[in-house]
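**Q** Model the following, please.
(chains A and B)
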Amino acid sequence: MNLNRTATWIRALLLLALLAGSVATRRHVEHLRGSQATLEEVLYLPSGKTVKNLSLGYSSLLADIYWTRAVQYFGAHHIQHAADYDLLAPLLDITTDLDPHLIVAYENGAIFLSQQRPEGAGRPDKAVALVEKGIRNNPTYWRLYFTLGFIHYVDRHDFKAAQQAFQKGSEVPGALPWMKVMAARMAEKADDPNTAGYLWRAIYETTTDKDIKQTAVKHLVSLRAQADIEELERRTQAYEQKFGKPPETWSDLIRAGLLRGVPQDPNGAPYKLRLDGTVQVEDAQKFPYLERRPLSQIK
Amino acid sequence: MTSRLSAITLNTFREAVRDRVLYNLIVFVLLLVASAPLFGQISIGIERLILVNVGLSSISLFGAIIAVLVGIGLVSKEIEKKTLYTILSRPVRRWEFIVGKYFGLLLTLVVNTTLMTVGLYIALLVTAHGLKRADALLLAAIYCIVLQFMIMVALTLLFSSFSTPVFSAIFAFALFVIGTFAEDLKNFAAVSQGAMHWAATGVAYLVPNFASLNVIAQAAHEQPISGNLLVFNTLYALLYSGAVTAAAVLIFERRNLK
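**A** Residues are numbered from 1 along each chain as shown, chains lettered A, B, ... in the order given. As a prediction, the model looks like this:
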């Protein structure tokens, strides 16, 4: 009896030791193959349509798997601020070939592709191709026109193409009226931070993706800081015209009646006033999308 | 002990042959060789690629199906026919019975795979009118497929040591599919947080990793397969199938056969 019990214990310990050994070996195999080994298989696939033919009718399930892979690939690269996102476009292409009606893959995938590096793949051309494919496959879904117009406007600065996208989207039955407003704004005041703010707010309110929401917040905060800085620089110029020299501190502007108190950026830190009268944020890293425009361009 | 193990191993192999399991080979080889000239007509420039992909995938899939369909009956059939009592009444220990069955089924699959490999090379010869150095890479892919079978046989034996044949087949096939997506599970664990992270990581390491044993795409595209990867894949298959077989022995030892 005791002998039996000892034999059982020995076998149980052997099982645990073998299991622990297999886990350690598997970790080594994963290290040898690299973390993207499974994803790199997409490079060997001739096309998503071939994968669809081989999926034996389970193409929707496979599309979900490929979409999950695309999100994980993007997430891992986004966190590491990676320099390249080479597999993102092929992953999204296969996903949408497998399921041409997977709207989330077009909407979010296009944002992943179009964002500037290192936040995204920095490939607005591929993002446009993806959304246009989405529109061909889902012509009655007007929001894809919004995404297309958004990419043309924000990433490609092609205001005419953006206007056309918003215009076409506004003609789709069920499209919200502000699509027409956006088309009009593109035609009249395309190069206006308020237009960009309006678009990013729409993205923030409609997306369910955490990363895209965070990016929208960063853009909105940067746009707000940009508007603040432009307004403050207008006031320092007014001070210089009045007193013949730029203000040295915020107190100079307050005493001159041009400011009520020390101005703060959207994160609550005071803006920095430089000796030449220009204004900066305290921590530029918190405003990754802050653009400086020459005062002559500010309307 | 060795003679007892080899006797069970050879008997299991003979039984599989008697069950006409190896007949599928004739079908496989005939189909592959006969359809080889067609590959050249249905596609331009990728006839070799299609032939290699179809051939290697069939070897893997046929083998997995045989491992499950034969493996689920290894223990239950012996109980049903009451031959198990005759075996165990001799000086054969239960663990020797399980381990012998394991090697018997593995031998069947190795013979099966060897003959299928010959068929694949004949088909390649017919299609390309000759073999080239890169074709040797296929052997590395086939070796990895055999490593997959080592794990599959251990899994089916584990399930058949305590469950009915139907449920054993379902469990084994389910694990084959999950194991094929093992790296997706690991990636999911990497991006999840808190308790979900630990639970997903645990499950990812507990299920077999068939993804790393699948090098069919590299072999088909004539990409080099590192020797280190083959060594560690072998070690992984040995350790994992050893652990699963040990679990099967533990369960079978405690099973009431009355």
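
**Q** Would you confirm that residue B:230 contacts residue B:140?
**A** Yes. If you go by Cβ atoms under 8 Å, residue B:230 and residue B:140 touch, sitting 6.3 Å apart. Every C-beta, even on glycine, is put in place using the N, C-alpha and C of the backbone.

**Q** Chain A contacts on chain B?
**A** Contact residues (Cβ under 8 Å from any Cβ of the partner chain) of chain B with chain A: B:46, B:95, B:181, B:183-184, B:186-188, B:190-191, B:205, B:209, B:211-212, B:217-218, B:220-221, B:226, B:228-229, B:232-233, B:235-236, B:239-240, B:242-243, B:246-247, B:249-250, B:253-254.

**Q** on that earlier part again, out of residue B:230 and residue B:140, which sits in the busier spot?
**A** residue B:140 (19 against 15; other Cβ atoms under 10 Å in any protein chain shown).

**Q** Give me the phi and psi for the more buried one.
**A** phi -60, psi -40 (degrees, to the nearest 10).

**Q** pLDDT score for it?
**A** Per-residue pLDDT puts residue B:140 at 93.

**Q** How about the contacts made by it?
**A** The contact partners of residue B:140, by Cβ atoms under 8 Å, 6 or more residues apart in numbering or on different chains, come to B:215, B:219, B:225, B:230.

**Q** switch to 10 Å and redo it
**A** Shown in contact with residue B:140 (Cβ atoms under 10 Å, 6 or more residues apart in numbering or on different chains): B:215, B:218-219, B:224-227, B:229-230, B:233.

**Q** can you put the residues you listed in JSON lines and add distance to residue A:134?
**A** Formatted as JSON lines, the contacts of residue B:140 follow (distance: Cβ to Cβ, whole Å):
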{"residue": "B:215", "distance to residue A:134": "35"}
{"residue": "B:218", "distance to residue A:134": "33"}
{"residue": "B:219", "distance to residue A:134": "36"}
{"residue": "B:224", "distance to residue A:134": "38"}
{"residue": "B:225", "distance to residue A:134": "38"}
{"residue": "B:226", "distance to residue A:134": "40"}
{"residue": "B:227", "distance to residue A:134": "45"}
{"residue": "B:229", "distance to residue A:134": "39"}
{"residue": "B:230", "distance to residue A:134": "43"}
{"residue": "B:233", "distance to residue A:134": "40"}
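
**Q** circling back: who touches both of residue B:230 and residue B:140?
**A** residue B:215.

**Q** hang on, the earlier thing: now that we have the contacts of residue B:140, which of them are buried?
**A** B:215, B:218-219, B:225, B:229, B:233 (16 or more other Cβ atoms under 10 Å in any protein chain shown).

**Q** And stretch A:144-158, what's buried?
**A** A:144-155, A:158.

**Q** do the same with stretch A:127-139
**A** For stretch A:127-139, by 16+ other Cβ under 10 Å, it's A:127-131, A:133-135, A:137-138.

**Q** Give me the helices and strands touching the strand or helix carrying residue B:237, please.
**A** Per DSSP states H and E, residue B:237 falls inside helix B:227-254. Where contact means 3 or more Cβ pairs under 10 Å, 6 or more residues apart in numbering or on different chains; DSSP states H and E, helix B:227-254 is packed against helix A:2-33, helix B:94-128, helix B:137-160.

**Q** out of those, which comes closest to residue B:12?
**A** The minimum distance between residue B:12 and the helices and strands packed on helix B:227-254 falls on helix B:94-128, with 2.3 Å, by Cβ to Cβ.

**Q** For stretch A:196-211, buried residues please.
**A** A:196-197, A:199-200, A:202-204, A:207, A:209, A:211.

**Q** So for that stretch, mean pLDDT?
**A** 76.

**Q** can you tell if that stretch touches chain B?
**A** No. Applying Cβ under 10 Å from any Cβ of the partner chain, one finds stretch A:196-211 separated from chain B by no less than 11.0 Å.

**Q** that older thread, in JSON lines: the helices and strands packed on helix B:227-254, plus distance to residue B:60.
**A** Shown next, in JSON lines, are the helices and strands packed on helix B:227-254 (distance: least, Cβ to Cβ, whole Å):
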{"stretch": "helix A:2-33", "distance to residue B:60": "18"}
{"stretch": "helix B:94-128", "distance to residue B:60": "9"}
{"stretch": "helix B:137-160", "distance to residue B:60": "5"}
